[in-house]
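S.K.: Give me coordinates for this.
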Amino acid sequence: MHSGLTRIDVNELKEGMVLGENLYDSLGNILLGDGIILKKSYIVKIRTLNISKIWIKENIITKEIKEAQHNDPYLFETRLEAKKFMKDAMQGFYLNGTIIEKVLEIVNKLIEELLESDEIVISLGKLRTIDDYTLEHSVNVCIMSLILGLSYGFKYEELMDLGVGAILHDIGKMLIPQEILNKPGALTIEEYEIVKNHTTYGYEILKKSEEISDIAAEVALCHHERLDGNGYPLGKKSEQIRIYSRIVAICDVYDALTSNRVYKKGIAPHKALEYICKMVNTQFDNELVKRLLNCVKIYPVGSVVKLNTNELGLVVDISKANPSKPIVRILLDEKGNKVINYLEVDTNRNLGIQITNVFPKFEGRLSFT
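M.R.: Just a heads-up that it's a prediction; the model follows:
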């Protein structure tokens, strides 16, 4: 047994991995030493050797990243509770009194936890711990919507209407055939028209409950409406769409873009925000987009990021003034060598330094993809 080491195929090697053994050339000379951080050129050389597997070990960089990502279990217990509730809700064709009571309880708990937070900023990478997309998506959209509502200064009653509408915005999908919802490919025109019905189905389901407000029901109906009138099902425009539905619409799109689905891999958070920014005043409200940019931690603490200087670093802090410009601790220099003395760069103050890639889910290896 080799403690702290993993034996992997040479074809699976990635830049940033740490060699766990000495590698020798045909004359018995050390070619690469134990503990060296692998660069692209090293990997190419290793693959020319007459070996199929080598030992890789966890290093201090890996350990530090894992420790950073282990912290801040954001709303963890409440999110798991919300997931269990959504599973029960989506398995039926109506909302009984018990389920309605539970959704009100969960939204109330989320509001209380958010109000107790020191700052209304969320690290969305930490929301990706729930396995089923529909359940995860509903909870994520609810949390994001409440945060935007708080940034607007919504009162408690308004937050409850927003939160209930957000967590149940896709409830109508339980009436859509699963083979269409989970189709591993592009939908046909006919299938897409069927999926679009989930908005009216959801509205009809929620309207039957006296405990659920008209505003919350309207969110289920109108979260796919767009400012330019090209949304559905009613083709509403601009101020015809209430602020509640506009909030859920932007959160719905953001989470959908960044989520892995059966037919596509989610895109990076900063790419999703770039897309949303391009849709300002056509699909999304300009003020809401500004607030989303201020409320979202695009680069959560613990994320591994690559800079335009070709350095690799670890996000160690977020600027409250500008969450998109974090403080980065340099781990590998521009040549891929480990940095011995910590150097922290505030990208909010160093305008010439930009993040070019982000790896929010580090899984024991550094990767330059």
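S.K.: Any stretches of the protein with poor pLDDT?
M.R.: Counting by pLDDT under 70, the chain has low-confidence residues at 1-4, 25-30, 58-77, 88-96, 117-135, 262-263, 297, 319-321, 323, 359-369.
S.K.: Where do the strands of it begin and end?
M.R.: Assigned by DSSP state E, the strands in the chain fall at 5-9, 18-19, 23-24, 30-32, 53-57, 122-123, 296-297, 304-307, 312-317, 327-332, 338-346, 355-359.
S.K.: export the ones you listed to JSON lines and tack on mean neighbour count?
M.R.: Where you see a C-beta, it was placed from the backbone N, CA and C, and this is true even at glycine. Conversion of the strands of the chain to JSON lines gives the following (neighbours: other C-beta atoms under 10 Å):
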{"stretch": "strand 5-9", "mean neighbour count": "13"}
{"stretch": "strand 18-19", "mean neighbour count": "21"}
{"stretch": "strand 23-24", "mean neighbour count": "16"}
{"stretch": "strand 30-32", "mean neighbour count": "14"}
{"stretch": "strand 53-57", "mean neighbour count": "18"}
{"stretch": "strand 122-123", "mean neighbour count": "22"}
{"stretch": "strand 296-297", "mean neighbour count": "22"}
{"stretch": "strand 304-307", "mean neighbour count": "22"}
{"stretch": "strand 312-317", "mean neighbour count": "22"}
{"stretch": "strand 327-332", "mean neighbour count": "21"}
{"stretch": "strand 338-346", "mean neighbour count": "12"}
{"stretch": "strand 355-359", "mean neighbour count": "17"}
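S.K.: I'd say Ile8 and Ile54 touch.
M.R.: Yes - the pair Ile8 / Ile54 is scored as a contact, 7.1 Å apart, by C-beta atoms under 8 Å.
S.K.: okay, the strands of the chain in a markdown table with distance to Val219 next?
M.R.: As requested, the strands of the chain are arranged in a markdown table below (distance: least, C-beta to C-beta, whole Å):
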| stretch | distance to Val219 |
| --- | --- |
| strand 5-9 | 47 |
| strand 18-19 | 49 |
| strand 23-24 | 59 |
| strand 30-32 | 58 |
| strand 53-57 | 49 |
| strand 122-123 | 20 |
| strand 296-297 | 20 |
| strand 304-307 | 35 |
| strand 312-317 | 33 |
| strand 327-332 | 37 |
| strand 338-346 | 39 |
| strand 355-359 | 31 |
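S.K.: For Glu211, which of the ones you listed is the nearest?
M.R.: strand 122-123 (27.7 Å; C-beta to C-beta).
S.K.: From what I see, Asp9 and Ile56 are in contact.
M.R.: No - assessed by C-beta under 8 Å, Asp9 is found out of contact with Ile56, at 10.5 Å.
S.K.: My guess is Tyr42 contacts Ile36. True?
M.R.: Yes - counting by C-beta under 8 Å, Tyr42 touches Ile36, with 7.2 Å between them.
S.K.: For these two, work out which one has more neighbours and name it.
M.R.: Neighbours were tallied for Tyr42 and for Ile36 using other C-beta atoms under 10 Å; the higher tally belongs to Tyr42 (19 against 16).
S.K.: Provide a list of residues in contact with the more buried one.
M.R.: With contacts taken as C-beta atoms under 8 Å, 6 or more residues apart in numbering, Tyr42 has the following neighbours: Leu32, Ile36.
S.K.: Flag every buried residue along stretch 35-47.
M.R.: Within stretch 35-47, the residues that qualify as buried are Ile36, Ile37, Leu38, Lys39, Tyr42, Ile46, counting by 16 or more other C-beta atoms under 10 Å.
S.K.: Tyr275: which of those residues is nearest?
M.R.: Taking C-beta to C-beta as the measure, Tyr275 sits nearest to Lys39 out of these, at 33.1 Å.
S.K.: what about the residue nearest to that closest one when sequence neighbours are not counted, neighbour count?
M.R.: Setting aside the residues directly before and after it, Lys39 is nearest to Gly336 in space (C-beta to C-beta, 6 or more residues apart in numbering), at 4.3 Å. Residues contacting Gly336 under the criterion other C-beta under 10 Å number 19.
S.K.: quick one: terminal-to-terminal distance for stretch 253-268?
M.R.: From its first residue to its last, stretch 253-268 covers 13 Å (C-alpha to C-alpha, to the nearest Å).
S.K.: residues making contact with that stretch?
M.R.: Contact partners of stretch 253-268, identified using C-beta under 8 Å, 6+ apart, comprise 124, 128, 133, 136-137, 140-141, 144, 182-186, 269, 271-273, 275-276, 283-284, 292, 296, 357-358, 360.
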